[in-house]
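Participant: Got a predicted structure here, sequence first:
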Amino acid sequence: MERTGLAKAIIQAKCPKCRKGDLFSVPVYSYSKLTQIQSKCPVCQKELVPEPDFYYGAMFISYALSVALFINVMIVLNFFFNDPDLMVYLITVIIANLLLLPLMLRYSKVFYLYAVGRIKYEPQEE
């Protein structure tokens, strides 16, 4: 039986209990159903929404990811373009946020579920 590692399960957005079932019904980098996570794992049937409004806490992680993106874009622009105009900063940050929005929203939920969801990994016996 093959065991899936924690990092691989998080990157692939898999269920924290079995690490096989998908958390989202559509691909991770998709603009449809951006914030809709499956209520139960399709493989192990574990409840993926531990309580109502559980994923509101993921907004803090999403905010942190946006701030990190903003800081990284600023550093890259300063390094490569030697302090460009303010409009260059604004346009670049807006475009980067729009392109990475699906990833940031979805992975904030994945990180939040793995961090505070209290779901332990239980490899299934075959």
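Facilitator: On my side now, so go ahead.
Participant: now residue 47, which residues is it bridged with?
Facilitator: residue 40 (DSSP bridges).
Participant: separation between it and residue 84?
Facilitator: Between residue 47 and residue 84 the computed distance is 49 Å (C-beta to C-beta, to the nearest Å). Yep, even glycine has a C-beta here, placed from its N, CA and C like the rest.
Participant: Equivalent analysis for residue 67, please.
Facilitator: For residue 67, the distance to residue 84 - C-beta to C-beta - is 20 Å.
Participant: Quick one: neighbours of the closest residue to residue 25 other than its chain neighbours, just the number.
Facilitator: Nearest residue to residue 25 in three dimensions, chain neighbours excluded: residue 38, at 5.7 Å (C-beta to C-beta, 6 or more residues apart in numbering). Using other C-beta atoms under 10 Å, residue 38 is surrounded by 14 other residues.
Participant: where does residue 38 land in three-state SS?
Facilitator: Here residue 38 is recorded as coil under DSSP: H, G, I helix; E, B strand; the rest coil.
Participant: same thing with residue 89?
Facilitator: helix.
Participant: Retrieve the pLDDT associated with it.
Facilitator: On pLDDT, residue 89 comes in at 89.
Participant: Next up, the contacts around the residue nearest the centre of the chain.
Facilitator: Most central in the chain under C-alpha atoms, centre = their mean is residue 107, positioned 0.2 Å from the mean C-alpha point. Taking C-beta atoms under 8 Å, 6 or more residues apart in numbering, we find residue 107 in contact with 10, 13, 28, 65.
Participant: Remind me which helix or strand the first one belongs to.
Facilitator: To tie it back to what came earlier, the one meant is residue 10. Following DSSP states H and E, one finds residue 10 within helix 6-11.
Participant: Report the mean per-residue pLDDT for that helix.
Facilitator: On average, helix 6-11 scores 92.
Participant: Check stretch 52-64 too.
Facilitator: 91.
Participant: How about residue 65: what's its closest non-neighbour residue?
Facilitator: residue 104 (4.5 Å).
Participant: burial count for the one you found?
Facilitator: For residue 104, using other C-beta under 10 Å, the count is 17.
Participant: Ok, the one 4 residues further on next?
Facilitator: Neighbours of residue 108 under the rule other C-beta under 10 Å: 22.
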